[in-house]
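K.L.:
Predicted model follows, preceded by the sequence.
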Amino acid sequence: MLDKVEAVDVTELMAELGRRARAATRTLATAPTEAKNAALKNMASAMRAATPDILAANAIDLETMRANGQTDAFLDRGTLTKERVEAIAKALEDIAELDDPVGTVIAGWDRPNGLHIERVRTPLGVIGVIYESRPNVTADAGALCLKAGNAVILRGGSDTINSNRAIHAALQKGLEQAGLPGDAIQIVPIADRAAVGEMLKGLEGNLDVIVPRGGKSLVARVQTEARVPVFAHLEGLVHIFIDKAADLSKARDIVLNSKLRRTGICGALETLLVDESLADSFLPELMAALQEKDCCIRGDARTQTVGNGIEAATDEDWTTEYLDKILSVKVVSGLDEAMDHIARYSSSHTDCIITEDPAAAETFLNEVDSAIVLHNASTQFADGGEFGMGAEIGIATGRMHARGPVGVEQLTSFKYKVRGSGQTRP
């Protein structure tokens with residue numbers, strides 16, 4: 001694998017990655033589950049052993065990000081610690097424990113003419129993952145694609161290029177130890193943005209699907225320019241609606257966790273909607289609790305009256321994924337207005353209702369058209385690992401093929417196996 005490239009023909013480099021990935025799929029498509037699981041467990045061991053090297057590489061990236069004036073939230077997304085590296089290794093082991101989707105019979109039936117037909121899960125082929133700032137995606141995406149029998153080409157952001165390379169080295173070691181092709185998981189060895197353009201063109205027909213994971217501008221570019229199918233991961237304009245029938249203690253805990261546990265992840269709360277019946281009795285307390293933790297509040301006119309230091313929200317606030325300690329807040333007349341607001345501004349990622357009214361909860365869960373809808377739970381559970389998927393490549397917000405957390409099952413397609421005994425068609 002190329003590690004350092006001084007001067008390179010980007011088109012040829014990327015085409016070669018595509019050809020090598022395609023060649024690897026022939027082995028991966030029929031690789032035994034035991035071999036894939038062994039590779040994943042070996043990767044976890046290699047990751048733990050390489051922790052000092054990974055953290056040293058990450059320190060270089062963080063120094064560069066600070067010099068470039070990146071925000072605290074962005075730095076948090078790019079930061080690795082001993083605990084976070086261990087979490088990455090544990091996710092690899094969790095993926096190894098998942099059922100192998102490849103070869104699973106989704107459905108089977110017999111025709112009157114004696115034909116037996118089965119719909120069977122198969123790998124997608126070669127997957128391109130384009131991502132920014134989160135080095136854990138290197139391991140998550142590589143592992144999930146491998147488990148589903150796919151080859152993957154990873155193009156991480158320049159901000160964490162050293163961290164990504166260090167993690168990738170551990171993945172390669174795991175593949176080699178299990179006797180699987182190293183080209184199953186490749187990383188783009190250059191930071192040149194032209195490499196992204198080549199991936200969007202499809203690498204001479206060798207790329208089957210692209211998964212973008214990053215900011216709005218990245219996803220917009222991928223959706224506009226890609227010549228291959230895209231699993232779109234749009235921004236997380238995440239909403240919580242506190243209904244008039246909410247348990248207020250529960251609501252307080254959920255809102256604080258949803259907004260502040262980690263502000264830089266896509267499941268972080270960005271807009272809070274509160275029933276008007278709670279505006280005087282509960283909202284002041286909740287706003288104060290957020291402000292005590294240095295969260296900036298941007299509210300509508302009604303929200304501004306309940307406390308000091310609340311800034312006026314603009315139309316832009318309702319469409320902004322802050323990924324920071326900033327929260328937009330609006331008082332609404334009830335469930336219908338809350339759902340109207342979500343329908344207008346949501347990115348179809350994750351939205352939540354807090355209520356003890358079962359009818360209101362069911363209405364919200366059924367009518368809010370987002371990939372993930374929650375009732376009485378933190379929006380930070382919008383995560384493939386928390387869904388029992390081991391990990392995820394991203395949260396797909398489109399409506400075709402994959403939606404919500406993209407795990408091993410979502411990284412497969414299917415084909416039909418038809419078994420006969422000499423039948424011909426009249």
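P.N.:
Right, received. Where do you want to start?
K.L.:
Who are the packing partners of the helix or strand residue 337 falls within?
P.N.:
Using DSSP states H and E, residue 337 sits in helix 335-345. Using 3 or more CB pairs under 8 Å, 6 or more residues apart in numbering; DSSP states H and E, the elements in contact with helix 335-345 are strand 238-242, strand 269-275, strand 326-332, strand 350-354, helix 358-367. All C-beta spots, glycine's among them, are computed from the backbone N, C-alpha and C.
K.L.:
could those go into CSV alongside distance to residue 65, mean neighbour count and mean pLDDT?
P.N.:
Compiled in CSV, the helices and strands packed on helix 335-345 are given as follows (distance: least, CB to CB, whole Å; neighbours: other CB atoms under 10 Å; pLDDT from 0 to 100):
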stretch, distance to residue 65, mean neighbour count, mean pLDDT
strand 238-242, 24, 27, 97
strand 269-275, 23, 27, 98
strand 326-332, 20, 23, 98
strand 350-354, 27, 29, 96
helix 358-367, 39, 15, 96
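K.L.:
CSV for those, including distance to residue 36?
P.N.:
Output for the helices and strands packed on helix 335-345, formatted as CSV (distance: least, CB to CB, whole Å):
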stretch, distance to residue 36
strand 238-242, 34
strand 269-275, 37
strand 326-332, 42
strand 350-354, 30
helix 358-367, 36
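K.L.:
Now do the helix holding residue 337 and strand 326-332, the angle between them.
P.N.:
140 degrees (axes from the mean of the first three to the mean of the last three CA atoms, to 10 degrees).
K.L.:
who wins for proximity to residue 398 among the helices and strands packed on helix 335-345?
P.N.:
strand 350-354 (14.5 Å; CB to CB).
K.L.:
tell me the angle that closest one makes with helix 335-345.
P.N.:
Going by the same axes, to 10 degrees, strand 350-354 makes 170 degrees with helix 335-345.
K.L.:
With only the CA atoms kept, save strand 350-354 in PDB.
P.N.:
C-alpha atoms of strand 350-354 as PDB (Å, rounded to 0.1, in the frame of the first residue of the first chain):
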ATOM      1  CA  THR A 350     -33.400  12.000  14.500                       C
ATOM      2  CA  ASP A 351     -36.400  13.600  16.400                       C
ATOM      3  CA  CYS A 352     -37.900  12.900  19.800                       C
ATOM      4  CA  ILE A 353     -41.000  13.500  21.900                       C
ATOM      5  CA  ILE A 354     -41.000  13.500  25.700                       C
END
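K.L.:
What pairs with that strand, parallel or antiparallel?
P.N.:
If you go by DSSP bridges, strand 350-354 pairs up with strand 238-242 (parallel), strand 372-375 (parallel).
K.L.:
Dump these into TSV; add distance to residue 327 as well.
P.N.:
Shown next, in TSV, are those (distance: least, CB to CB, whole Å):
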stretch	distance to residue 327
strand 238-242	10
strand 372-375	17
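K.L.:
In the lengthiest helix in the chain, which residues are buried?
P.N.:
Criterion DSSP state H: the longest helix present in the chain is helix 10-28. Buried residues in helix 10-28, counting neighbours by 16 or more other CB atoms under 10 Å, are found at 10, 13-18, 20-22, 24-25, 27-28.
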